[in-house]
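Novice: Next come a sequence and a model predicted from it.
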Amino acid sequence: MCLHQDRGQRMRQMDSLMPTLNDLYKRGRMTWTEQGKGWIGRPEEVLGALATDGFYECQRERAAIPIGRRPAEGAWAGVNPHTRTMASVTWTVRRAPAPPMVFIEIDGDSITRPAPTPVER
């Protein structure tokens, strides 16, 4: 069960400044790679975008790492209580300078492209 915290009006105003998944894609902050069948981007930004999209964290796991090194992999799960949608994100950090590879699923479906905008529909 996920914990739902009441976010005050001040937080909602801040949310408008945070990017959504589509915003990250449009700004070039995450890009799809057919070769890796995943997104290249920063996991923290993807998780922040999912929070902006209404998802609340239920679970987060990171691989055990030596002190002073960055995480090699991790997993996150969240739920959007309004849509009753589940999201999961897994990532791997590759050797520098290669950016992390991020895999996103919503209700079990892999997200391989951004949602169409109202103009594209």
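Specialist: Nice, I can see it. Numbers count the residues shown, from 1 in each chain.
Novice: so for the top helix by length along the chain, what's the average pLDDT?
Specialist: In the chain, taking DSSP state H as the definition, the longest helix is helix 43-52. Helix 43-52 shows a mean pLDDT of 93.
Novice: next one: that helix to chain centre, how far?
Specialist: Relative to the centre of its chain, helix 43-52 is centred 4 Å away, using C-alpha atoms, centre = their mean, to the nearest Å.
Novice: Now for Asp23: which residues touch it?
Specialist: 29, 49 (C-beta atoms under 8 Å, 6 or more residues apart in numbering). The C-beta positions use only the backbone N, C-alpha and C, and glycine is treated the same way.
Novice: change it to 10 Å
Specialist: Residues near Asp23 by C-beta atoms under 10 Å, 6 or more residues apart in numbering: 29-30, 45, 49, 52-53, 114.
Novice: low pLDDT regions in the protein?
Specialist: 1-17, 64-72, 114-121 (pLDDT under 70).
Novice: What distance do you get for Cys58 to Ala98?
Specialist: The spacing between Cys58 and Ala98, counted by C-beta to C-beta, to the nearest Å, is 29 Å.
Novice: I meant to write Ile106 there.
Specialist: From Ile106 to Ala98 the distance is 26 Å (C-beta to C-beta).
Novice: rewinding a little: so Cys58 and Ala98 - more neighbours on which side?
Specialist: Cys58 (15 against 10; other C-beta atoms under 10 Å).
Novice: Most neighbours among the contacts of Asp23, which one is it?
Specialist: Top of the contacts of Asp23 by neighbour count (other C-beta under 10 Å): Met30, with 25 neighbours.
Novice: Leu47 is in contact with that residue, correct?
Specialist: No: Met30 is beyond contact range of Leu47, at 11.7 Å (criterion: C-beta atoms under 10 Å).
Novice: This completes my enquiry, with thanks.
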